[in-house]
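In: Next input, structure requested:
(one chain, ligands or ions: 1)
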Amino acid sequence: MIHYKVRPLRLEDIPDAIEVALCSTYQYSKESLESWMKHDPEGIIVAVLDSGKVIGICATVIHNNDVAFGGAFCVLEEYRLFDVGNELLTRSLKHVEDKNLGLNCTTDKLLIYKNRGFNIFEESWSILEYEYLGPLNTDVLSDILPAGVELKAFQDSYLEAIYAYDRMLVGYDRREIVKANCKEPSTKTLIAFKRGICVGYGCVKINIFYAARVGPLYCNDQNVGEVMFKRLLEQTPSAKGLAMCTMSNNLIANGCAKRMGIPIHQNLLRLYTKEKMFVNTSKIFAQFDVDFSPF
Ligand SMILES: CC(C)(COP(=O)(O)OP(=O)(O)OC[C@H]1O[C@@H](n2cnc3c(N)ncnc32)[C@H](O)[C@@H]1OP(=O)(O)O)[C@@H](O)C(=O)NCCC(=O)NCCS
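Out: Below you'll find the model as predicted:
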């Protein structure tokens, strides 16, 4: 019998929470955990022993009145199969009330979620997770932008253009988390403009396993996405590898990974409790954050 309590993640828990996450592979960074925590202070919860040691973590982040997204679900190996995961999930499901809750999962974990009301499956695409440690060969990527397109480094004055692009793509306002993400200390952001109009933006940061975590990388034209991808990676020379999640039907994004010799780590299925969410997948080169955001 384990004595633990379940409560929202606190800043002082983060080093422990990262230790839990590192026993499997999760793509977020310390700073992104903090940003999502601020976005929804009750949305990331932990199971904590009386000693204060974190033994499990689970996220269900509320995005707006209708939408929530879950992930980051992990229990330390020696505490598995003692109902800790079940407690975390039960609390997380209560947190989102009657909102449509989405998440990604591997086929071997499907039953966990089916048993808890995730009965809507996305069939037209899945999510390809790249988690790779090793050198990044960006020489195989194109650096040629289509005529009229330029890439600019992040400045506060571009935020309104980024918010508008993000909203047009995802379908709801995310300015708070978009800004927090761009402002995280390790994040580098590029914005694509075509004749002064924002036609995409992309970010990279160093994650918990010191890889370059690419995402979001959204672009109208995936040839522009490829150049952004190359230039973002070249801005993180200290990275020990790559972490990125693409849409399975985005041939250019997945083609880039293939040319770089990066294997697919896992294929994730998208489930929802109430209804599918729709997005133009051709504009998504890399997802925002596979554990906290639907796209
Ligand atoms: C998945 C995980 C969080 C479960 O934690 P846990 O504390 O062992 O879970 P519990 O003992 O409370 O069991 C909860 C449910 O998960 C199921 N489950 C536990 N381990 C499982 C596994 N390895 N594969 C499939 N299902 C599993 C249990 O059967 C139970 O299902 P039910 O209540 O619907 O019958 C834990 O195994 C883990 O951290 N795995 C590595 C990370 C991971 O795969 N996360 C999920 C990503 S989709």
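In: The closest residue to the ligand within the chain - nearest residue in space that isn't next to it in sequence?
Out: Scanning the chain for the residue nearest the ligand gives residue 85, at 2.5 Å (criterion: C-beta to the nearest ligand atom). All C-beta spots, glycine's among them, are computed from the backbone N, C-alpha and C. Nearest residue to residue 85 in three dimensions, chain neighbours excluded: residue 75, at 5.1 Å (C-beta to C-beta, 6 or more residues apart in numbering).
In: Now do the phi/psi pair for the one you found.
Out: When read as degrees, to the nearest 10, the backbone of residue 75 gives phi -120, psi 140.
In: was I right about it contacting residue 20?
Out: Yes - at 7.3 Å, residue 75 and residue 20 qualify as touching, with contact defined as C-beta atoms under 8 Å.
In: and for these two, which residues touch both?
Out: 55-56 (C-beta atoms under 8 Å, 6 or more residues apart in numbering).
In: ok, back up a step: so what touches the helix or strand hosting the residue of the chain closest to the ligand?
Out: Using DSSP states H and E, residue 85 sits in helix 84-95. Identification of contacts with helix 84-95 by C-beta under 8 Å, 6+ apart yields 2, 4, 6, 42-43, 45, 47, 55-60, 62, 68, 70, 73, 75, 101, 112, 116-117.
In: Please list the residues of the stretch 1-150 of the chain that sit near the ligand.
Out: By the rule C-beta under 6 Å from any ligand atom, the part of the stretch 1-150 of the chain lying against the ligand is 24, 73-75, 80-86, 105-106, 108-109, 112, 115.
In: Cross those residues against helices and list the overlap.
Out: 84-86, 112 (DSSP state H).
In: so which of those residues would you say is closest to residue 166?
Out: Using C-beta to C-beta, residue 112 comes nearest to residue 166 of these, at 31.0 Å.
In: Could I get the phi/psi values of residue 142?
Out: Note on residue 142: its backbone torsions stand at phi -70, psi 150 [degrees, to the nearest 10].
In: Is there a neighbour count for the residue nearest to residue 184 when sequence neighbours are not counted? I'd like the number.
Out: If the residues on either side of it in the chain are set aside, residue 184 comes closest to residue 31, at 3.9 Å by C-beta to C-beta, 6+ apart. By other C-beta atoms under 10 Å, 19 other residues sit near residue 31.
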